[in-house]
Structures are given as C-alpha cells and as structure tokens.
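# Predicted model follows, preceded by the sequence.
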Amino acid sequence: MKLKLFTIAMLFAMATPAALADEGMWIPVLIEKYNIKLMQENGFKLTAEDIYSINRASMKDAVVLFGGGCTGEFISDKGLIITNHHCGYGYIQNHSTLEHDYLRDGFWAASNAEELANPGLSVTILKYMEDVTDKVLKGVTDDMDKEKRDEIINANITAINEEAVRGTHYRSSVRPFFLGNQYFLIVNEIFRDVRLVGAPPSAIGKFGGDTDNWVWPRHTGDFSLFRVYADKENKPAAYSEENLPYKPAYHFPVSIAGVKEGDFTMVFGYPGRTQEYAPSYHISMLKDVVYPKTVEIRGRKISIMEQAMANDPLIRLKYSGKSFGIANGWKRSIGEIQSLDKMNGVARKQAFEKEFMEWVSADPERLRRYGKILDEYAEIYGSYTTNYFVNSYTNEVFGSTGVEPASLAGAFKRAVEMASGKESGLDNELKRVQEYADGFFRNYDRNVSEKLFVAVMELYGKNIDSEWQTDVYKALAESCRGDFGMVAGKLFDESIFTDENRVRALIGNFDPNVVQEDIFYRLAVSASDLIASRLTEELSVANAMLAELNKLYMAAQMEQGVDKVFYPDANSTLRLAYGKVMGYESRDAVYHEHQTTLKGVMEKDNPEIYDYDVPDRLKELYEKKDFGRYGFNGNMPVCFIANNHTTGGNSGSPVLNAEGHLIGVNFDRAWEGVASDMMYNPEQSRNISIDIRYALFLIEKFGNAGYLIDEMTIVGVPQQTP
C-alpha cells in the first residue's frame, strides 16, 4: 500500500499539465498545481485563487449542489439561484394543478412573498476540501487483510469527520478519488429553505421534448430560478416566514457580451459519475447487454405515457415527470451505444489493455503486482454481467415506472411483517406508508398503469431467462398463456393497490393477510425475494472484488502514464472543466455551428405537437424583434455549444467566460459525443448550454419579471454585429 501511494504521489509531482487541453473534470483545490497555466494559455484571465480560495470569497462559493443531482449558481447577493428547468421540473410539477398549471403556463413570483416553498429541496455549498489521504491510511500496512484495513480506514474517516465539523453547523464527508487511491475531506454548508422564484412554461423550458433531447442544434430555454433563505444570522434554517434571503459570499456577474467561436469557457459544477478508466469488460457489458434491453423496455414505457399525455392534461401533469426521467436515460443509452460503436470503444479499450500488459510484462515487479488484473476482470465479469443485468431489469419491470401497483404494494412489506409478528411501531409504519401512497396516487392513472403492466410483463418474459424469472410471474404467465392483456383488467379490478380509496381503507383497518393475498403484493415480494436470495450477496461480493481491482488498475494506469495528468472520475463532488466555444462535424459534410437563435424556435413551431407548440407571447416578441439589449444581429441567441467535459450532475452548472462571468447554463450534451462518460471524443464531445442572454430576455420580456434582472450584476457590452 505504501509503495502504491508513493508511486501515485510521485506521478502527480512529475506530471506535465500540458497533457490534456479540453478533456477532464478537475479538482478545484488542485487547479493551481495542475491546470492554471494551461487555462491561462487558452485565454483565462484570472487566477486559481479566484476559482477556489478558503481565505476570501471565490467562485466556488457561488456554485451549489442543487437537490441531490444537479448544480445551480448564485446570480445575485439576495440568494437568487439559476439552474435548469429540468432540475426544477419536479418542484414545478408539485406546485401545478389544473387551475394553476405552472408546467403549462410558467411561473413568475412578483415579490418574495409569492415565492413557493419546496419541502425536501436543499442546496449544498462547499466550504473547503482537503487531501486527507495520509490521515485516512494512518495505521494501514501492506500485510493487512481487507477486513482489518477497512476497519482502520473507517475509524480514521470517522475521526476526521468529527474533527472537521466539531463546534460548527457544517456537514462533512471523506470521499475516495482515483477509485480509492486518494481521499479528500469535503466540508459543506446545507440550506433547506429553497423557494421557487420563476420558470418559463414547458413549451420553452422543455422545448423540443424527448425528440430534441441529447441533440444539437438545440432551442431549449432550459432554466428555472430559486431563492435560498437563511435565518437572521445568514445561517441555514428550516422553512420559516421569518427567514430572509441568503447573502452568498460570492455571486457570478452576468455577462451580456455574448460568445463567439474559440472563446474560452469553463464549467463549474457537480458531475455525478463517469467511468473513464473502466476495463473493456465493463464497457462491453453495458453496450452489448444492459443498454439494448433497457432501451427497449423504456421505449415502450415512454410510448404508452406520451400517447396518454397527449390526450389528457391531467395525465400530463401526473406522468410528465416520470416520462422525462425515463426518456432522459433511454435516449442517453441509445447515444452511448452508437457513440461507442462509432469510436470502436470496446476495441480501443482492448488495444489499450494489450499495450498495458506489454508494459506490465516488461518488468518483473510490475508483473508481480499487476500481471493478473485483466484475467481477474475476465473471471468476475463472466458471472457479474448476467447478475447485474437481471438485477437491473427486474427493478425496471417491478419498479415505480413498470408494474406501478407492485411498487406501491411492496412499500407495505415492512408493515405486513410488523403486523404478523405483532411488533411495536406499526402505527408509525402505516403513517409512513400512507404518505407514500398519497404521493403514488397523485401521479397515477389506472388506464396508463394497465398498459404499462401489460407491456413490461411481456418484455420480462421475453428478455429474462426462465431460471431468473420469479415464481409468481411464472404462475401468472402460465395461467394467462402469456396474454397479460387478457387478465390485466380483472387483476386491476380486484387489487387493493390500484384504487386510492381501497388503500386508505386498508390502512385504516390493517389486515396483513389481505395484503399477502393481493397479486401485486405477491409480484413485488417475489421480485424482491429473488433479488435478495440470488443476487444481492453475489453482487455485493463481486462489487467488493471489483472495487479492489479497480483501485489497483487505476494505480497501474497512473504508473504507466507517468507523462500524463490524470483527472479522477466524477463522484458528485465539485469539479471544473474548461475548453472553448466550438462547433463540430457530426458526420460527413454536416458541420454544426456553435450558436442557435430564436429563428430556429420559430422554424420548429408546430401547434399540433405539444413539444413544439411555441407560446403566442414568444411569437409576438419575435415578430416585433423586441429583444431589448439581449439580441444580436437582429435575432435572439438561444443556445451554444463548447467542448467542456461534462456529465449528469453538471445540469445547471454555470458556464463562465475568461473573466469568470456567467455566459450560459449547462444543460445537455450532443448525441454524438455522449459516451464521454467512458471515452472522451475531442472531435465530437460538446456540452450544450442555454445562452444567458436568452434567459434574461425571457425573464424580462416574456415573464415581465424585470425586477429580478435588477438584482443581478450585469456586465459586458452587448455583442455587436460584425
């Protein structure tokens, strides 16, 4: 262990920052050491201290983890945050009714008093991060077994966390980087009073819908506005009418100067997960096994939901969030398959592995340490691929977007166990289940659910081998001879879990025997039991083995690539990516410019298609060319692309220019380079952002919320016609 860590430390010290220009998700505390020189050579005009500092306000103080999986940024000294429309979508949906449909009509608070609270929503601000690798590994030796090593590491991490936040209201965690070869302490401040301020209608914020998702050119006004509140001392507090708008240590100046090809850009945010250093076996598993079947079943789900939503506004309110969540991953998987095929991704990984083994074999000590890595991967993935797929697909079928009543019925399992065993605490458990059921039925329609049931049950029988199918499924399939459409109506008529009143009555007079006889409860329990009895332990053991192997393989790759600066895989911690505004060629003779405009929105306008039905107010502003100071060359910029390395979690991230001014909000990636989570393609990896001028135009001209612009620090001279 000490040898490996020493090797990695030496590699960091010897690395040359010129190795990577555009690729990478970099640790902000290490920008000074590894990146700032190259950034400045590419046009950045500030310093590393301007990006990350613990001694004064810096950009990192303006970037927040929004909820659990997006990024946002402060754009005023009154706690105003901008993020993506799709990041705020669930909260906008929660506030929407048929009478006040904010998804359809948009929402703009006229004052602080009209801003809407969002229980459960939080934003997280990084206070500081620190390399604590030596502290975490204190007392660990090479000759220890894994159990003893983990015990010492966990004890060290507990002590580090306790010391870091003692006497404060901060929260801390110690996170592994480079697949466990390095550790950083992350200290955060978390705010839980976050209110909705403004959002354009979905016809703007989700313009193009699933059709345009992951696609460039793009014309989506994907932004929403929230405000963070704090107590009178500017500290986190639960929601209260007495709370005041939070005063951030730093907020981004907002530039109306625009962008042009070749401009320096950087993205600062919380990317979720990448697998840049994974072996070919893992990529092959996803591309050839998991993704194709997942694409198939999610495509069927989306088709059912969208057909129903097109004909009923209430169903659209209920299923829009589900549909968006499914469709986002569905289309991404299609893009990753195609992108990896186009790049010959698996073959390229295999070629690297061949070179790696040649390097390993050239030295006896390397052969001793690393010689069995690839053989061990091959052995593990031999069974892991099947187990991983069955686990994933079973959850896809019986989860909340598959057999919906089964997902509700499964929530009663603990209550059944408690009632059957006469355990205490049943009342509290039933209260929890009632809350879950309330949320379930808010977003449930029986007709849609029946169609989903038929579709996913048929696909389950088609794509899962009999040996991995649940006993309850097999019995049901046999009884209806695989024609689930024939029995769906009867099953839904007889079940408790397809009707809100029946569920409420059950909870009021709880009988575990009645629950256990319900077909959807039996389907849910049989699925969870199969996973628990045949997959959980096997996957847990395999994941532990892979974690150790990945850690060793990462160390070996860094030793092999001594002349390269490595960046750690994304892990939902704050990272910085930088590059340039840049178009690209998607295929032969098809070149995409870097900017789209409102003209393109109007060209796509189609009142017959929900996702392309442009609001009348926006058409009016376009016809009058009423763009204010935000237009350029007689048009209104909408989106732009750059080659910053991003992934899920970067949604809502600030896109900054060379002066550190906000020029856009990141929200997507171009289809052709979407496999950058596993293999960055400099020719086609492009992040897509809403031009901040379009957001400002929509706030002021479309939403008539110019007072929000007054809060911001607007900088830059409007772009001039060349």
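Received the coordinates, thanks. Numbers count the residues shown, from 1 in each chain.
# buried stuff in the longest helix along the chain?
Criterion DSSP state H: the longest helix present in the chain is helix 313-343. Neighbour-count burial for helix 313-343 flags 315-328, 330-337, 339-340, 343 (criterion: 16 or more other C-beta atoms under 10 Å). C-beta coordinates here come from the backbone N, C-alpha and C atoms, glycine included.
# what element comes up after the lowest-mean-pLDDT helix or strand in the chain heading to the C-terminus?
Least confident helix or strand of the chain, by mean pLDDT, DSSP states H and E, is helix 2-14 with a mean of 46. Going down the chain from helix 2-14, the next helix or strand is helix 31-34, by DSSP states H and E.
# buried residues in that following helix?
The neighbour-count check on helix 31-34 (16+ other C-beta under 10 Å) flags 31, 34 as buried.
# ok, now stretch 164-179?
Neighbour-count burial for stretch 164-179 flags 164, 170-172, 174-179 (criterion: 16+ other C-beta under 10 Å).
# so for the longest helix of the chain, what's the average pLDDT?
Mean pLDDT, helix 313-343: 92.
# before we move on, what about stretch 88-106?
pLDDT averaged over stretch 88-106 gives 95.
# residues making contact with that stretch?
The contact list for stretch 88-106 (C-beta atoms under 8 Å, 6 or more residues apart in numbering) reads 85, 107, 116, 118, 121, 196, 198-206, 224, 226, 313-314, 316-317, 320-321, 324, 703.
# Give me the neighbour count for residue 393.
When neighbours are defined as other C-beta atoms under 10 Å, residue 393 has 22 of them.
# same check, this time on residue 563
Neighbour tally, residue 563, other C-beta under 10 Å: 11.
# does it sit in a helix, a strand or a coil?
With DSSP: H, G, I helix; E, B strand; the rest coil as the basis, residue 563 sits in coil.
# got the phi/psi numbers for it?
Here is the backbone geometry of residue 563 (degrees, to the nearest 10): phi -100, psi 20.
# going forward, begin numbering at 480 instead of 1
Got it, first residue is 480 now, which makes that one residue 1042.
# Can you tell me how far it is from residue 509?
Noted for residue 1042: a distance of 18 Å to residue 509, by C-beta to C-beta, to the nearest Å.
# Low-confidence ranges, the stretch 580-729 of the chain, go.
Within the stretch 580-729 of the chain, no stretch has pLDDT under 70.
# I'd like the buried residues of stretch 643-658 as CSV, with distance to residue 874 and secondary structure appended.
Formatted as CSV, the buried residues of stretch 643-658 follow (distance: C-beta to C-beta, whole Å; DSSP: H, G, I helix; E, B strand; the rest coil):
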residue, distance to residue 874, secondary structure
643, 36, helix
649, 35, coil
650, 29, strand
651, 32, strand
653, 29, strand
654, 26, strand
655, 26, strand
656, 29, strand
657, 30, helix
658, 25, helix
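# Please name the nearest non-neighbouring residue to residue 549.
Among residues not flanking residue 549 along the chain, residue 566 sits closest, at 3.7 Å (C-beta to C-beta, 6 or more residues apart in numbering).
# okay, the one helix or strand that neighbour maps to in CSV with CA atoms only?
Using DSSP H and E, residue 566 sits within helix 564-574. Provided in CSV are the C-alpha atoms of helix 564-574 (Å, rounded to 0.1, in the frame of the first residue of the first chain):
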residue,chain,number,x,y,z
HIS,A,564,-35.8,23.9,-15.9
HIS,A,565,-35.4,20.1,-15.9
CYS,A,566,-33.7,20.3,-12.5
GLY,A,567,-36.6,22.2,-11.0
TYR,A,568,-39.2,20.3,-13.0
GLY,A,569,-40.4,18.1,-10.2
TYR,A,570,-40.9,21.0,-7.9
ILE,A,571,-42.7,23.0,-10.5
GLN,A,572,-44.9,19.9,-11.1
ASN,A,573,-45.6,19.6,-7.4
HIS,A,574,-47.0,23.2,-7.3
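# gap between it and the chain center?
The chain centre lies 15 Å from the centre of helix 564-574; the measure is C-alpha atoms, centre = their mean, to the nearest Å.
# what two of the buried residues of stretch 643-658 are the furthest from one another?
The distance between the two most remote of the buried residues of stretch 643-658 (C-beta to C-beta) is 26.8 Å, for 649 and 658.
# For residue 727, state which of the buried residues of stretch 643-658 is nearest.
Nearest to residue 727 among the buried residues of stretch 643-658, with distances taken as C-beta to C-beta, is residue 649, at 15.8 Å.
# quick one, phi/psi of that closest one?
Main-chain dihedrals, residue 649, degrees, to the nearest 10: phi -80, psi 160.
# wouldn't it be in contact with residue 670 here?
No: between residue 649 and residue 670 there is no contact under C-beta atoms under 8 Å: 11.9 Å.
# ok, now how distant is residue 508 from residue 1068?
Computed with C-beta to C-beta, the distance linking residue 508 and residue 1068 is 45 Å.
# more crowded one of these two?
More crowded of residue 508 and residue 1068, by other C-beta under 10 Å: residue 508, with 20 against 6.
# How about that one: what's its closest non-neighbour residue?
Excluding the flanking residues, the one nearest residue 508 by C-beta to C-beta, 6+ apart is residue 608, at 5.2 Å.
# For the one you found, name its beta-bridge partners.
Under DSSP bridges, the beta-bridge partners of residue 608 are residue 665.
# and it, what does it touch?
Residue 608 makes contact with 506-508, 663-666, 1052-1053, according to C-beta under 8 Å, 6+ apart.
# could you redo the residues you listed as a markdown table and give each row distance to residue 952?
As requested, those are arranged in a markdown table below (distance: C-beta to C-beta, whole Å):
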| residue | distance to residue 952 |
| --- | --- |
| 506 | 47 |
| 507 | 49 |
| 508 | 51 |
| 663 | 45 |
| 664 | 47 |
| 665 | 43 |
| 666 | 48 |
| 1052 | 41 |
| 1053 | 44 |
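# the helices in the stretch 730-879 of the chain, which residues?
Along the stretch 730-879 of the chain, the segments classed as helices by DSSP state H, counting those that start in this stretch run 759-763, 770-790, 792-822, 824-840, 843-849, 852-877.
# chain center to the fifth one: distance?
Between the centre of helix 843-849 and the centre of its chain there are 38 Å (C-alpha atoms, centre = their mean).
# So which elements touch it?
Judged by 3 or more C-beta pairs under 8 Å, 6 or more residues apart in numbering; DSSP states H and E, helix 843-849 is in contact with helix 824-840, helix 1015-1039.
# Strands along the stretch 1080-1201 of the chain, start to end?
For the stretch 1080-1201 of the chain, strands defined by DSSP state E, counting those that start in this stretch occupy the ranges 1116-1121, 1133-1135, 1141-1148, 1166-1170, 1193-1194.
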